[in-house]
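*Asks:* Turn this into a structure:
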Amino acid sequence: MLAPITSRNHDVVKRLRKLGTRNYRERSGTFLVEGLNLLQEATEAGAKLREIAYVDSRAEEAAFLRSRLSEPVSVHEISADLMGWVSDVVTSQGIVGVLDQIDTPYEDLDLTEATLLLVADQVRDPGNLGSLLRIADSAGVDAFLMTAGCVDLYNPKVVRSAAGAHFHAKMTRGVELKRLRDDTRERASLLGLDPRGDLDYLDVDMTAPVALMVGNEAFGIIEEDQGVLDGTIHIRMPGRSESLNVASAAAVVLFEVIRQRGMQRSG
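*Replies:* Residues are numbered from 1 along each chain as shown. Okay, the predicted model is just below:
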């Protein structure tokens, strides 16, 4: 049995460490996932696992993962100190995997039958983007679309916040809003969620196909992008707070869409 890797200069460790940077993730087409539960969820969903690194106390978990794979992968035992250096959390879960990126290019999207889309425009906070992806997955949207100004979909904090949604939701990065508007003009309303929006979301019929767009945490949907919208909606808040977190606001509206469509079917 090979001795565990203990040097930061080892190729495996340097490669794992570099996956913490966006440029390397984009060049390699891979990303890092930490923890047995997420790794198991990824493999069960068909994501391609390239290699595994683990500390001694997680050897059984690594063996379990390997036993579930149809193809062999590289497996490395590394020291606990190195795992802490590779991981970006205070207390590492002791096992990480390198997976192929799994988003869908815009050209491969079929929007002809889409009835519910969530569009993130210039969302920069990793926790918010991950939460939006998790909400999109929970609400069963047809696709979660991100403009080029968003934080990287494979940022480790996004991956953690999404809690496995990467492996279930259809995701597309670098979306050009004018192209999306052209492709959906005859089929869906593109509505922007804004604290100063024109219409109360409860007054809007969302039983027809809808693309809901949310903007940046600080400045919302930028003026340049508002030109593609069919309208803007807001959430009425009788309390003292002027706005909700972007992910919370999206959840409120998306589940109102689900409620309205459920009422339509039951009626």
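
*Asks:* Look up the closest residue to Asp194, ignoring the ones flanking it.
*Replies:* Excluding the flanking residues, the one nearest Asp194 by Cβ to Cβ, 6 or more residues apart in numbering is Thr232, at 4.7 Å. Every residue, glycine included, has its C-beta placed from N, CA and C.

*Asks:* where's that neighbour, which helix or strand?
*Replies:* Assessed by DSSP states H and E, Thr232 sits inside strand 231-234.

*Asks:* avg pLDDT for the helix or strand immediately after that strand in the chain?
*Replies:* Sequence order places helix 246-266 as the next helix or strand after strand 231-234, per DSSP H and E. Per-residue pLDDT values over helix 246-266 give a mean of 91.

*Asks:* Got phi/psi on Leu202?
*Replies:* phi -70, psi -20 (degrees, to the nearest 10).

*Asks:* Just confirm it contacts Arg236, I think it does.
*Replies:* Yes. Between Leu202 and Arg236 there is a contact at 7.3 Å, judged by Cβ atoms under 8 Å.

*Asks:* the more surrounded of these two?
*Replies:* Leu202 (13 against 8; other Cβ atoms under 10 Å).

*Asks:* what about the closest residue to Ala45 other than its chain neighbours, distance to Leu118?
*Replies:* In space, and not counting its chain neighbours, Ala45 is closest to Phe167: 3.8 Å by Cβ to Cβ, 6+ apart. Taking Cβ to Cβ, to the nearest Å as the measure, Phe167 falls 17 Å from Leu118.

*Asks:* Can you give me the buried ones in stretch 195-213?
*Replies:* 197, 201, 204, 206, 209-213 (16 or more other Cβ atoms under 10 Å).

*Asks:* residues in contact with that stretch?
*Replies:* For stretch 195-213, contacts defined as Cβ atoms under 8 Å, 6 or more residues apart in numbering pick out 114-121, 145, 177, 180, 184, 187-193, 220-221, 225, 229, 231-236, 242-243, 250, 252-254, 256-257, 260-261, 264.

*Asks:* Against which helices or strands is the strand holding Thr232 packed?
*Replies:* Judged by 3 or more Cβ pairs under 8 Å, 6 or more residues apart in numbering; DSSP states H and E, strand 231-234 is in contact with strand 189-193, strand 199-200.

*Asks:* buried sites along it?
*Replies:* 232-234.

*Asks:* model confidence over it, on average?
*Replies:* 95.

*Asks:* oh, and call the first residue 19 from now on, that's how I've got it
*Replies:* Will do, 19 is the new start, and the previous item becomes strand 249-252.

*Asks:* Pull the CA coordinates from that strand and hand them back as PDB.
*Replies:* Extracted as PDB, the C-alpha positions of strand 249-252 are listed here (Å, rounded to 0.1, in the frame of the first residue of the first chain):
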ATOM      1  CA  GLY A 249     -42.400  44.000 -16.800                       C
ATOM      2  CA  THR A 250     -41.100  44.100 -13.200                       C
ATOM      3  CA  ILE A 251     -42.800  42.700 -10.100                       C
ATOM      4  CA  HIS A 252     -42.200  43.300  -6.400                       C
END
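
*Asks:* residues making contact with that strand?
*Replies:* Here strand 249-252 makes contact (Cβ under 8 Å, 6+ apart) with 207, 209-219, 222, 239, 244, 271.

*Asks:* quick one, what contacts Gly47?
*Replies:* 118-119 are the contacts of Gly47 under Cβ under 8 Å, 6+ apart.

*Asks:* ugh, typo on my part, it should be Val264
*Replies:* Counting by Cβ under 8 Å, 6+ apart, Val264 touches 141, 146, 150, 232-233, 235.

*Asks:* Now, these that are in helices?
*Replies:* Under the assignment DSSP state H, the contacts of Val264 contribute 146, 150 to helices.
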